[in-house]
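S.K.: Please work out how this folds:
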Amino acid sequence: EVHLVELGGGLVQPGGSLRLSCAASGFRFDRYDMSWLRQAPGKGPEWVSSIASTGTHSLYADSVKGRFTISRDNAKNTMYLEMNSLKPEDSAIYYCNAASGRAALFDSWGQGTQVTVSS
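M.R.: Numbering: from 1, shown residues only. So this is what the prediction gives:
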């Protein structure tokens, strides 16, 4: 059974930083490309970033490019999202999932982690 646990969210001032983590279990983590997605109140899901199974290639949404860095540690079955220069519009619940293009592959979701950027 796929199990995803997102951690690391919180309240931060504009310009601040956070590091999110995604602990995965129930599947061969090192065989899957992985993604971060987010959903703000009243909006649909938004793809944020993806990383190849080997960690050698990553993609970013234009809205976060240059500010966010995705990474993974296959030995720990964990993926990360380093978020810098945070803006109020980055406020959302952040989720991780295996990647299917810019969509989520698995039907199973974690609880997500809330990121709130506010002064």
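S.K.: For the rest of this, base every contact and every neighbour count on C-alpha atoms.
M.R.: Will do.
S.K.: so how far is residue 111 from the most centrally placed residue in the chain?
M.R.: With distances taken as CA atoms, centre = their mean, residue 36 lies nearest the centre of the chain, 2.8 Å away. From residue 36 over to residue 111 the distance is 13 Å, taken as CA to CA, to the nearest Å.
S.K.: shared neighbours of the two, anything?
M.R.: Common neighbours of residue 36 and residue 111 are listed as residue 95 (criterion: CA atoms under 8 Å, 6 or more residues apart in numbering).
S.K.: Which residue, other than its chain neighbours, is closest to residue 24?
M.R.: Excluding the flanking residues, the one nearest residue 24 by CA to CA, 6 or more residues apart in numbering is residue 4, at 4.8 Å.
S.K.: What of residue 76?
M.R.: Once flanking residues are discounted, residue 76 sits nearest to residue 23: 8.0 Å by CA to CA, 6+ apart.
S.K.: That neighbour and residue 104, how far apart?
M.R.: Using CA to CA, residue 23 is found at 16 Å from residue 104.
S.K.: for the chain, where's the lowest mean pLDDT among helices and strands?
M.R.: The helix or strand of the chain with the poorest confidence is strand 103-104; it has a mean of 89 (mean pLDDT, DSSP states H and E).
S.K.: residues in contact with whichever strand or helix holds residue 69?
M.R.: Assigned by DSSP states H and E, residue 69 belongs to strand 68-73. For strand 68-73, the external contacting residues (CA under 8 Å, 6+ apart) are 49-51, 55, 58, 60, 78-84.
S.K.: swap in stretch 98-118?
M.R.: Residues contacting stretch 98-118 (CA under 8 Å, 6+ apart): 2-14, 32-35, 47, 50, 86-97.
S.K.: Buried residues, it. List them.
M.R.: By 16 or more other CA atoms under 10 Å, the buried positions in stretch 98-118 come out as 98-99, 102-104, 109-110, 112-118.
S.K.: Please consider this matter closed, and thank you.
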